[in-house]
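S.K.: next input, structure requested:
(one chain, ligands or ions: 2)
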Amino acid sequence: MKTSFVVVLFTVIAEAVLAAQWYRGNLHMHSMWSDGNVFPENAVAWYRDNGYQFVCLSDHQILQTDTGAWLEVGSKRLSRAAADAYVKGHPASAEVKKENGKEYLRLKTVWELKKAFDDPAAFLMIPGHELNRVVAGMQVHMNAINVHATIPYRYGDTPAETFRRVEAAVRAWGDEQDVHTLFMLNHPTWPYFDIKPEVLIALPQIRFFEVCNADGGSVYPPHRSWYTMEKFWDIVNAFRVEDGYDPVFGTASDDTHNYTNPAGNARPGEGWVCVRSASLDAGALVQAMYRGDFYASTGVSLADVVFDEAAGTLRVKVNQEKDMTYTVRFTTTKAGFDRATETFDDPAKGKKPARTGIRYSDAIGKTVKIDTGVEASYTLEPDDLYVRATVISSKKAGPRTNNEPEYETAWTQPYGWRAWQARNPVKARLAPKK
Ligand SMILES: [Zn+2]
Ligand SMILES: [Zn+2]
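M.R.: Ligands and ions are numbered 1, 2, ... in the order given. The predicted structure is shown next:
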């Protein structure tokens, strides 16, 4: 009895591991429910038809649940041409109403969209929405992912206090409903270094942020002393890991607003995540992301990312695209890194706002190894707080915004931090020296 139970359990686990596969998704996109330029059906269909398995249609401020959302044809949000094209494209489902000489089209709710698009084997819509406001002159944007109701915005006096309150609300909703929710801090450097690393250092409960938002990016050329997005990521994780907290994981997303103008910003298909999950299920995908079992990409596809806990070795394997070559850069920060910061003045220039810049030590986020080829590995040194890999293709990215790398790139999550923390308990490290 006991043996067979163990055998059955082992078989179940083995099957789950064997069945795990990569699912590609975009966690941040808009439709006519807010300021996206197409109907939600067109937005979701683009992703379904272009090699994605899941999306979160994250319109601003609201989950799309209102069954009475009618858009006036010929209004600023819906041109006559767009309305006609939609009705032609969706003859069976388009809902038109005429009232007082005006014509309206109804927006489908997220539940109606899920019914139309979800396919257990192939495609999933995860409900969610963006929350955004200006707080103390800074853009404070975040996504509530896998929530089944609108999470109202909660203001604090500062961006950090606002993030803290909204994250707590999203988590509380998930706990209450027994649903795995995901909170993501969006485009922290948009439009000009609005959210600083100290916010994420102070809020270790925030586990996800956009290391690449393919729409946003710094609108103005940054002062040379500012950090890059990767450096931002390493700053947060160096402090967090050394202080005994979990790191923040990095996502890439489109923040799609524009589905129709290939020359404009905020196009689809520029930044995504690939999540390794046993099933195409919102809860399973979210849990896999909490485990850090995903990577962010602007074009590079990874066949495998393996971390050998015992040996402390991170291995990555690339799905090679024809004629492309790859550079794999491993980045770590050593324990005991210099925590001092310097501020600098970054004055207003034209429309660019004035900021007090903050500069962190060069010891944070150091390249420790560069491999070329489709397979690469790095074994952590005992004083490495973590290691992560950046895989860069020889293929140039298409027309891009400031925030996207010049060449197609993938980013793994940081690995090895748990082992470092286990060897260096916080209490022992922070105890006064004798
Ligand atoms: Zn935003
Ligand atoms: Zn957005």
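
S.K.: double-check residue 208 against residue 246; I have them as touching.
M.R.: No. Counting by CB atoms under 8 Å, residue 208 stays clear of residue 246, with 11.0 Å between them. Backbone N, C-alpha and C define where each C-beta goes, glycine included.

S.K.: what about stretch 212-224, near ligand 1?
M.R.: No. Contact of stretch 212-224 with ligand 1 (CB under 5 Å from the ion) is absent, the minimum separation being 6.9 Å.

S.K.: got the contact list for that stretch?
M.R.: 28, 186-187, 189-193, 210, 229, 250-257, 265-267, 270-271, 296, 298, 344, 346, 349-352, 357, 400-405, 409, 411 (CB atoms under 8 Å, 6 or more residues apart in numbering).

S.K.: from those, which are also near ligand 1?
M.R.: residue 186.

S.K.: mind checking which of the contacts of stretch 212-224 are in strands?
M.R.: Among those, the residues falling in strands (DSSP state E) are 28, 210, 250, 251, 252, 253, 296, 344, 346, 357, 409, 411.

S.K.: show me what contacts the residue in the chain that ligand 2 sits nearest to?
M.R.: Using CB to the ion, the closest approach of the chain to ligand 2 is made by residue 255 at 4.3 Å. Taking CB under 8 Å, 6+ apart as the criterion, residue 255 is in contact with 28, 29, 30, 186, 187, 210, 213, 214, 215, 216, 266.

S.K.: hmm, 7 Å instead?
M.R.: For residue 255, the contacting residues are 28, 29, 187, 213, 214, 215, 216, 266, by CB atoms under 7 Å, 6 or more residues apart in numbering.

S.K.: state the distance from it to residue 378.
M.R.: 31 Å (CB to CB, to the nearest Å).

S.K.: same check, this time on residue 228
M.R.: 20 Å.

S.K.: of those two, which one has the most company?
M.R.: Counted by other CB atoms under 10 Å, residue 228 and residue 378 do not tie: residue 378 has more neighbours, with 25 against 14.

S.K.: ok, the ones in strands among the contacts of stretch 212-224 vs ligand 1, which is closest?
M.R.: residue 28 (7.7 Å).

S.K.: contact partners for the closest residue to the closest one other than its chain neighbours?
M.R.: Once flanking residues are discounted, residue 28 sits nearest to residue 253: 3.6 Å by CB to CB, 6 or more residues apart in numbering. Applying CB under 7 Å, 6+ apart to residue 253 gives the contacts 26, 27, 28, 210, 213, 214, 271, 272.

S.K.: tell me how many other residues surround the third one.
M.R.: A total of 30 residues lie near residue 28 under the criterion other CB under 10 Å.

S.K.: would you map the helices across the stretch 251-400 of the chain?
M.R.: Taking DSSP state H, counting those that start in this stretch, the helices of the stretch 251-400 of the chain run over residues 282-290.

S.K.: OK, contacts around the closest residue to residue 33 other than its chain neighbours?
M.R.: In space, and not counting its chain neighbours, residue 33 is closest to residue 59: 4.0 Å by CB to CB, 6+ apart. Listed by CB under 7 Å, 6+ apart, the contact partners of residue 59 are 30, 31, 33, 34, 129, 130.

S.K.: so the first one sits right up against residue 258, yeah?
M.R.: No. Judged on CB atoms under 7 Å, residue 30 makes no contact with residue 258 at a distance of 9.3 Å.

S.K.: between the two, tell me which one has more neighbours.
M.R.: residue 30 (26 against 19).

S.K.: per-residue pLDDT, the more buried one?
M.R.: Note for residue 30: predicted pLDDT of 98.

S.K.: please name the nearest non-neighbouring residue to it.
M.R.: That would be residue 36: by CB to CB, 6+ apart, it lies 3.4 Å from residue 30.

S.K.: one more: residue 239?
M.R.: residue 201 (4.5 Å).

S.K.: mind listing what's buried in the strand or helix carrying the one you found?
M.R.: Assigned by DSSP states H and E, residue 201 belongs to helix 197-202. Buried residues in helix 197-202, defined by neighbour count with 16 or more other CB atoms under 10 Å: 197, 199, 200, 201.

S.K.: residue 179 and residue 145 touch, don't they?
M.R.: No. If you go by CB under 7 Å, residue 179 and residue 145 don't touch, sitting 10.6 Å apart.

S.K.: between the two, which one's more packed in?
M.R.: Neighbour totals were compared for residue 179 and residue 145, and residue 145 leads with 26 against 15 (other CB under 10 Å).

S.K.: for the more buried one, give its distance to residue 292.
M.R.: Residue 145 is 16 Å from residue 292, by CB to CB.

S.K.: for residue 49, the count of nearby residues, please.
M.R.: 9.

S.K.: in the chain, what residue lies closest to ligand 1?
M.R.: Closest contact between the chain and ligand 1, by CB to the ion, is at residue 141 (3.5 Å).

S.K.: so what's that residue bridging to?
M.R.: residue 132 (DSSP bridges).

S.K.: ok, it - contacts?
M.R.: 130, 132, 186, 187.

S.K.: repeat that for residue 225.
M.R.: 344, 357, 359.

S.K.: run the last query once more with 8 Å
M.R.: Contacts of residue 225 (CB under 8 Å, 6+ apart): 344, 346, 357, 359.
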